[in-house]
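sequence first, predicted coordinates after that:
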Amino acid sequence: YQIILSSLEEHESPLIDKKVRQALNYAVDKQAIIDSLFFGNAVALNGQVLRKPQIGFNPDLSDYPYDPDKARALLAEAGYPDGFEITFKFPSGRYAQDREVSEAVAGMLSEVGVKADMVALEPGEFLRQLRAKELQPMAFVGLAPQDDPDLQVAQYHSTWRYSYIKNAELDALIDAGKQEMDREKRVQIYKDAMALMHEEAPIIFLYGGVDFYGTSAKLSNFMARGDGRFFLYDTDLSELPHWRRPEADASGRRPAHCPTRQPCHLIGYVDAAIRRPQTDPHPSGIARNPADFVHADAY
């Protein structure tokens with residue numbers, strides 16, 4: 001997740017100056033957003049758009065530290081000692097906490113003199129403006145490209161339809177990276193591209209999302225991916241044994257354990273309901289007490 005900072009000439013704004021873009025990165029406390037809005041369940045971007053497992057991730061880079069004084073100094077050097085006013089577009093209801101994150105960013109920018117005129121977009125209008133390259137000069141977006149680095153970095157090539165940066169050096173690195181067959185050379189190309197993007201600051205580097213998956217015990221060989229896609233080539237969904245309920249004792253009570261003598265637990269949602277006997281009906285006809293379940297597949 002990131003904030004677009006358009007430096008295109010046709011999108012005239014203070015963001016055309018690299019010092020201003022760097023200043024906005026220093027003005028935003030990314031860790032505070034992660035801790036307060038996601039309870040720590042997000043990851044820092046380390047000042048780059050490639051994830052750690054990806055080819056070309058640059059371990060020498062780190063996030064711009066939260067430094068409002070540095071931000072104010074850079075703004076003054078760029079000719080904005082009193083800050084400026086700028087349009088800030090964001091989707092409402094497209095990403096987790098998108099409005100809250102955007103409001104937090106706007107509040108932090110205000111501390112260094114940058115007044116964000118916030119424009120909330122419903123998801124359909126957000127996508128229309130994304131396709132029309134109207135999310136400018138500043139906008140909150142999220143990306144989830146596949147694991148090959150070209151599919152992420154190519155989105156910052158000047159010819160890409162959603163790109164808000166035009167940099168010949170970066171274009172050359174992106175072109176070289178997608179054509180290079182030698183793995184080590186390719187790694188270095190993307191490391192260099194990440195270093196250049198860190199310096200040019202075409203975005204405010206925010207955070208990476210963390211996905212949570214609930215799976216059935218019947219599922220095997222499922223692997224979550226960093227790009228949010230599902231590849232199920234080796235995934236298997238097998239049937240589990242169907243246990244019979246334990247026999248009732250002389251008093252008519254059934255033991256609250258499975259035939260294996262292990263306690264039975266009901267967690268989350270179950271894929272089948274076990275009905276109570278007619279002599280002990282529940283108003284809904286479905287067992288609600290975990291002790292009534294001999295085996296349940298939890299999700």
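Nice, I can see it. Given the structure is predicted, the values throughout are model-derived calculations rather than measurements.

going forward, measure contacts between C-alpha atoms and count neighbours the same way
Noted.

could I get the contacting residues of the residue positioned nearest the centre of the chain?
Centroid check for the chain by Cα atoms, centre = their mean gives Gly209 as the closest residue, at 2.7 Å. The neighbours of Gly209, taking Cα atoms under 8 Å, 6 or more residues apart in numbering as the test, are 1, 41-43.

and Pro149, by the same measure?
50, 54-56, 190 are the contacts of Pro149 under Cα under 8 Å, 6+ apart.

now pLDDT too, for these, in TSV please.
Converted to TSV, those look like this (pLDDT from 0 to 100):
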residue	pLDDT
Leu50	94
Gln54	91
Ile55	93
Gly56	96
Tyr190	98
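
can you pick out the most distant pair from those residues?
Farthest-apart pair in those is Gln54 and Tyr190; separation 9.9 Å (Cα to Cα).

neighbour-wise, which of these two wins?
Between Gln54 and Tyr190, counting by other Cα atoms under 10 Å, Tyr190 is the more crowded of the two (26 against 15).

and Ser7, how far is that from Gln31?
26 Å (Cα to Cα, to the nearest Å).

where in the stretch 151-299 of the chain is pLDDT low?
226, 240-299 (pLDDT under 70).

which parts of it are helices?
Ranges of helices within the stretch 151-299 of the chain are 168-179, 183-200, based on DSSP state H, counting those that start in this stretch.

give me phi/psi at Ser158?
The phi and psi torsions at Ser158 (degrees, to the nearest 10) take the values phi -60, psi -20.

if you could redo that for Leu121, that was the one I meant.
Torsion angles, degrees, to the nearest 10, at Leu121: phi -120, psi 130.

the one 3 residues further on too?
Dihedral pair for Gly124: phi -60, psi -40, per degrees, to the nearest 10.

count of residues packed around it?
Neighbours around Gly124, by other Cα under 10 Å: 11.

ok, now Asp211?
By other Cα under 10 Å, neighbour count at Asp211 equals 12.

show me the contacts for it.
Gly228.

try it again at 10 Å.
41-42, 224-228 (Cα atoms under 10 Å, 6 or more residues apart in numbering).

Throw the residues you listed into CSV and include neighbour count and distance to Asp69, thanks.
Shown next, in CSV, are the contacts of Asp211 (neighbours: other Cα atoms under 10 Å; distance: Cα to Cα, whole Å):
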residue, neighbour count, distance to Asp69
Asn41, 14, 28
Ala42, 18, 26
Ala224, 13, 40
Arg225, 12, 38
Gly226, 18, 35
Asp227, 15, 35
Gly228, 15, 37
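
in JSON lines, list those residues along with distance to Gln146.
Formatted as JSON lines, the contacts of Asp211 follow (distance: Cα to Cα, whole Å):
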{"residue": "Asn41", "distance to Gln146": "21"}
{"residue": "Ala42", "distance to Gln146": "19"}
{"residue": "Ala224", "distance to Gln146": "13"}
{"residue": "Arg225", "distance to Gln146": "9"}
{"residue": "Gly226", "distance to Gln146": "8"}
{"residue": "Asp227", "distance to Gln146": "5"}
{"residue": "Gly228", "distance to Gln146": "8"}
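
now do the residue nearest to Leu151 when sequence neighbours are not counted, the pLDDT please.
In space, Leu151 comes closest to Pro145 once its chain neighbours are excluded; the distance is 5.8 Å by Cα to Cα, 6 or more residues apart in numbering. We have a pLDDT of 73 for Pro145.

and Phe57, by the same measure?
96.

list the contacts for the nearest residue to it once chain neighbours are set aside?
Using Cα to Cα, 6+ apart and skipping residues adjacent in sequence, the residue nearest Phe57 is Leu50, 5.5 Å away. For Leu50, the contacting residues are 56-58, 147-150, 152-153, 190-191, 194, by Cα under 10 Å, 6+ apart.
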